[in-house]
Structures are given as C-alpha cells and as structure tokens.
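Novice: coords below, sequence missing:
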C-alpha cells in the first residue's frame, strides 16, 4: 500500500482518534503496544485490520505471500475458557459433546500424512481442566 493510498484510506474512513493514532504508528513503521493491540481486537473492523496487516506484509516481503501446507490436530475441545474466537470448544459442563484424543490417536493422524508435502503440524485445542495448571505458571 503506497503512502498516498494509506492517507486516503485514513481520510475516507470515519475512524476514531485512537484507531487513527494506531494506524499512523503502523504506517510509520512503529510498533504498537499491547494495549493498542487489545484496543484493535475490541474495536477495529476486519477490513481496517487487513489493510494494516497487508501494509506490514508488503513492507517486509514486497509483493510476495508465503503459504505453508499444514494439517490440524485438535487433541480436545473440552475447555475451561470461553474465548470469543473459538468456534468449537465445549465447557466442562458440556463434556458429553466433547472429545479427547490419546497420544496414540494423534500419532495415527500424523502418520496419515507420511510422504505428503506438509510443512507444519498445527496443534490447537481446548485447555482441559486436568492440564489447566500448566498454563498459569
């Protein structure tokens, strides 16, 4: 995104002062703070975030985009949290709707991809109550 189009984006969109301030930092290649990141999460529209992310991507990589080939393993969907972004978790009280994979079952999933051009195994899942203490050291 060129500087002229960045400024026109900021001028053409009714952004709050806080969002404009954060955008100006991003477009001036300054790091944003954790609090500013939280503010973006809670207040910014997806298109606005995409425009800023694309600017940073182009600054770092030019007009190149890199992809990986991955598959997901989700060891459990039972979780003690209720994150806004999670679409599949089940709280402990909904345990009958949940699943828990054993280490052997997860390895079986990995073995299915032997010989495939995989660059990443993405493992993500719920924070199971029996493992919860590991995340709060």
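Specialist: Received the coordinates, thanks. What you are looking at is a predicted structure, and each value in this text was computed from that prediction instead of being measured.
Novice: Pairing partners for the helix or strand hosting residue 121, with directions?
Specialist: Counting by DSSP states H and E, the element that carries residue 121 is strand 120-123. Its sheet considered, strand 120-123 pairs with strand 70-73 (parallel) by DSSP bridges.
Novice: from the chain's centre, how far out does the strand it pairs with sit?
Specialist: Centroid separation for strand 70-73 versus its chain: 15 Å, with C-alpha atoms, centre = their mean, to the nearest Å.
Novice: Next SSE downstream of it?
Specialist: Once strand 70-73 ends, the next helix or strand along the chain (criterion: DSSP H and E) is strand 78-79.
Novice: Please name every helix or strand in contact with that next one.
Specialist: If you count contacts as 3 or more C-beta pairs under 8 Å, 6 or more residues apart in numbering; DSSP states H and E, strand 78-79 packs onto strand 90-91. For every residue, glycine as well, the C-beta is placed using N, CA and C.
Novice: mind redoing it with 6 Å?
Specialist: Judged by 3 or more C-beta pairs under 6 Å, 6 or more residues apart in numbering; DSSP states H and E, strand 78-79 is in contact with no other helix or strand.
Novice: Direction included, what does it pair up with?
Specialist: Strand 78-79 pairs in its sheet with strand 90-91 (parallel), by DSSP bridges.
Novice: in the helix or strand following the partner strand, what's buried?
Specialist: Where DSSP H and E defines the elements, the next helix or strand beyond strand 90-91 is helix 103-111. Using 16 or more other C-beta atoms under 10 Å as the test for burial, helix 103-111 gives residue 109.
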